[in-house]
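Colleague: Any chance you can model this:
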Amino acid sequence: MSAFKLHGILAWFAVHKNHYGFYPYAKTIEVFKDQLKKYEISKGTIQFPIDKPIPLKFVKEIIQYRVKDNLEKMRIKNQKNKSLKSNT
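Modeller: Numbers count the residues shown, from 1 in each chain. Here you go, the predicted structure:
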């Protein structure tokens, strides 16, 4: 499955028979749940209808959220690493 990546995976995507699958993690689905009411969703999946254009502005908004999330995780990881190094 193809993916967008930056300091880890941002979201996966795939084409299926009746929809485009977009997989931005369950936490992201929860954050955007109000905006996702017109789409089929599950725990970590958004299904965009294959017979309609992909909502690129919305996908961009989701990816921007995931970039911020991944950068924050990286910042926390770097802080922990610095803390561990300074304690040795």
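
Colleague: which strands and helices sit next to the particular helix or strand that has residue 65 in it?
Modeller: Per DSSP states H and E, residue 65 falls inside helix 56-86. In this structure, helix 56-86 packs against strand 9-15, helix 26-31, with contacts taken as 3 or more Cβ pairs under 8 Å, 6 or more residues apart in numbering; DSSP states H and E. Glycine gets a C-beta too; all of them are placed from N, C-alpha and C.

Colleague: So which bits of the last one are buried?
Modeller: Judged by neighbour count using 16 or more other Cβ atoms under 10 Å, the buried positions of helix 26-31 are 28-29, 31.

Colleague: now do the same end-to-end measure for stretch 45-65.
Modeller: Using Cα to Cα, to the nearest Å, one end of stretch 45-65 lies 16 Å from the other.

Colleague: ok now it, how far from the chain's centre?
Modeller: When distances are taken as Cα atoms, centre = their mean, to the nearest Å, stretch 45-65 is centred 11 Å away from the chain's centroid.

Colleague: swap in stretch 68-78?
Modeller: 14 Å.

Colleague: Then stretch 6-22?
Modeller: On Cα atoms, centre = their mean, the centre of stretch 6-22 falls 9 Å from that of its chain.

Colleague: and that stretch, C-alpha only, in PDB?
Modeller: What follows is stretch 6-22, C-alpha atoms only, in PDB (Å, rounded to 0.1, in the frame of the first residue of the first chain):
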ATOM      1  CA  LEU A   6       7.500  12.400   7.000                       C
ATOM      2  CA  HIS A   7       9.200  11.200  10.200                       C
ATOM      3  CA  GLY A   8       7.000   8.100   9.900                       C
ATOM      4  CA  ILE A   9       3.800   7.400   8.000                       C
ATOM      5  CA  LEU A  10       1.300  10.200   7.700                       C
ATOM      6  CA  ALA A  11      -1.400   8.200   5.900                       C
ATOM      7  CA  TRP A  12      -1.700   5.300   3.500                       C
ATOM      8  CA  PHE A  13      -3.900   5.300   0.400                       C
ATOM      9  CA  ALA A  14      -5.200   2.700  -2.100                       C
ATOM     10  CA  VAL A  15      -7.700   2.400  -4.900                       C
ATOM     11  CA  HIS A  16     -10.500  -0.200  -4.500                       C
ATOM     12  CA  LYS A  17     -13.300  -1.300  -6.800                       C
ATOM     13  CA  ASN A  18     -15.900   1.100  -5.400                       C
ATOM     14  CA  HIS A  19     -13.900   3.700  -3.400                       C
ATOM     15  CA  TYR A  20     -10.600   5.300  -2.700                       C
ATOM     16  CA  GLY A  21      -9.200   4.200   0.700                       C
ATOM     17  CA  PHE A  22      -7.500   6.700   2.800                       C
END
